[in-house]
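J.: my questions concern the predicted model and sequence given below.
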Amino acid sequence: QKEVEQDPGPLSVPEGAIVSLNCTYSNSAFQYFMWYRQYSRKGPELLMYTYSSGNKEDGRFTAQVDKSSKYISLFIRDSQPSDSATYLCAMSEGQGGSEKLVFGKGTKLTVNP
Amino acid sequence: EAGVAQSPRYKIIEKRQSVAFWCNPISGHATLYWYQQILGQGPKLLIQFQNNGVVDDSQLPKDRFSAERLKGVDSTLKIQPAKLEDSAVYLCASSLLFGGISYEQYFGPGTRLTVT
C-alpha cells in the first residue's frame, strides 16, 4: 500500500461547478496536510495548509482532514477555468518526526467555460 | 520577493552522460530541497539541506546522484552516469527555518531532463 493515494483523474467539470478532490493515507504519524496546485510546466504552489483534523476555508477553497479515517479533501466552489491545473496533496509528520513531504500522484482538473 | 531560480529549464542528454542542475533559493531560506517528479507522479524528495548540511538523503540514489550546497546558499544536483529512468522534472524548493521548524516550501519552475 502506498503511503499516500490520490486518484489521478482526469477530472473535467463545467465552470461554476463544485469540485471535490481527495486523498487517503496510511501513515498515522502524519500531522500536517497540504494541497498544492501545479500548472503545466510550473513548480507546485501551496494552496492550503492544515494541521491535524478539522476544516479550513480560504475564499473558494475548503480543506478538510479526517485523521480517524486517514482521509483528506479539497473542495473548490464556483470553479473557474483558471483553476484548471493538477492538484497535489502532500503530508508530513512534522516536528518530532520527519519533515519530509510525501506527495500524492496529483489529480488533473479541467474547468470548461 | 524573487522566487526560487533553477537552470537550465530543459536538458536532453544521452544515457551514460553526466548532467548538472543549479538552484538558487529564496534569499534567507535556510532549508533547500531537491525533488524528482516523474511524469504522472507527485514529487519525490531526493535530498534536504539545512544551511549546508544534509538532513535527509535517504531516497537519493547515491551511486549516480550527488548534491552539494556550498556556503548554505546555491545548490547543484549532479547525475553521473544518467539512465533512461532518470527522465523527469527536477524541482528545487526552499523554506524558511524558524525555531528549528521548516515552514512553507516554495518551488522553482524545475528542470525537465530527457535521457535518450
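T.: Nice, thanks for sending it over.
J.: tell me the centre residue of chain B?
T.: Central residue of chain B (Cα atoms, centre = their mean): B:Trp34, 2.6 Å from the mean position.
J.: contacting residues around the closest residue to that one other than its chain neighbours?
T.: Using Cβ to Cβ, 6 or more residues apart in numbering or on different chains and skipping residues adjacent in sequence, the residue nearest B:Trp34 is B:Leu46, 4.5 Å away. (Each C-beta comes from the backbone N, C-alpha and C, glycine too.) Counting by Cβ atoms under 8 Å, 6 or more residues apart in numbering or on different chains, B:Leu46 touches B:34-36, B:57, B:59-60, B:65, B:67, B:77.
J.: repeat the analysis, applying 10 Å as the threshold.
T.: Applying Cβ atoms under 10 Å, 6 or more residues apart in numbering or on different chains, we find B:Leu46 in contact with B:33-36, B:56-61, B:65, B:67, B:77, B:90-91.
J.: just name the shakiest helix or strand of chain A by mean pLDDT.
T.: strand A:45-51 (a mean of 89; mean pLDDT, DSSP states H and E).
J.: which residues are contacting it?
T.: A:31-39, A:56-58, A:61-65, A:72, A:74, A:76, A:85, A:87-91, A:94, B:3, B:103-107.
J.: phi, psi for B:Leu70 please.
T.: phi -80, psi 140 (degrees, to the nearest 10).
J.: what pLDDT does it get?
T.: If you check B:Leu70, the pLDDT there is 83.
J.: and the one 10 residues further on, by the same measure?
T.: According to the per-residue confidence, B:Gln80 scores 97 in pLDDT.
J.: ok, A:Gly43 next?
T.: 93.
J.: hmm, B:Leu91 and it touching each other?
T.: Yes - counting by Cβ atoms under 10 Å, B:Leu91 is a contact partner of A:Gly43 at 5.5 Å.
J.: neighbour count winner among the two?
T.: With neighbours defined as other Cβ atoms under 10 Å in any protein chain shown, A:Gly43 and B:Leu91 compare such that B:Leu91 has more, 27 against 23.
J.: returning to what we had before: now list the buried members of the contacts of B:Leu46.
T.: Buried members of the contacts of B:Leu46, counted by 16 or more other Cβ atoms under 10 Å in any protein chain shown: B:33-36, B:56-57, B:60, B:65, B:67, B:77, B:90-91.
J.: could you dump those into JSON lines with secondary structure added?
T.: As requested, the buried ones among the contacts of B:Leu46 are exported to JSON lines (DSSP: H, G, I helix; E, B strand; the rest coil):
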{"residue": "B:Tyr33", "secondary structure": "strand"}
{"residue": "B:Trp34", "secondary structure": "strand"}
{"residue": "B:Tyr35", "secondary structure": "strand"}
{"residue": "B:Gln36", "secondary structure": "strand"}
{"residue": "B:Asp56", "secondary structure": "strand"}
{"residue": "B:Asp57", "secondary structure": "coil"}
{"residue": "B:Leu60", "secondary structure": "coil"}
{"residue": "B:Phe65", "secondary structure": "strand"}
{"residue": "B:Ala67", "secondary structure": "strand"}
{"residue": "B:Leu77", "secondary structure": "strand"}
{"residue": "B:Tyr90", "secondary structure": "strand"}
{"residue": "B:Leu91", "secondary structure": "strand"}
